[in-house]
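>>> structure for the following, please:
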Amino acid sequence: MSEQPFYLYVAARFGLTRSEARIAYCVMSGDLPRVIADRHGISIHTVRSQLKSVMSKTDTHSQLELALLLLINDAKLIAQTPWLRKETT
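Residues are numbered from 1 along each chain as shown. So this is what the prediction gives:
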């Protein structure tokens, strides 16, 4: 896998649009929908709509479940991709 932002990996893995993947990544990071809307300059309604789409495509039923799913995939990606592992000295 080439070096790319995690949200692009998420988009490819779950069939999400880039916008949906960014929303999913923000949820994984612990951001609330209002914070996501403010940070990205979009309406809360857009965030909620995209979040519903993400949850449908990932077969999740809550933001917590979505975050856990993405964290598990994040750990798998890090384990498989040497450039993502942090060097410890």
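
>>> can you pull the contacts of residue 7?
By CB atoms under 8 Å, 6 or more residues apart in numbering, residue 7 lies in contact with 18, 21-22, 24-25. Every C-beta, even on glycine, is put in place using the N, C-alpha and C of the backbone.

>>> would JSON lines of those residues with secondary structure be doable?
JSON lines is the format used below for the contacts of residue 7 (DSSP: H, G, I helix; E, B strand; the rest coil):
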{"residue": "18", "secondary structure": "helix"}
{"residue": "21", "secondary structure": "helix"}
{"residue": "22", "secondary structure": "helix"}
{"residue": "24", "secondary structure": "helix"}
{"residue": "25", "secondary structure": "helix"}
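
>>> give the PyMOL command for selecting the buried subset of the residues you listed.
Of these, the buried ones go into a single PyMOL selection, burial set by 16 or more other CB atoms under 10 Å:
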select buried, resi 21+22+24+25
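
>>> in TSV, list the contacts of residue 7 along with pLDDT.
Below are these laid out as TSV (pLDDT from 0 to 100):
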residue	pLDDT
18	92
21	93
22	92
24	93
25	90
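
>>> show me which of the contacts of residue 7 is closest to residue 67.
Each of those was scored against residue 67 by CB to CB, and residue 24 proved nearest at 8.7 Å.
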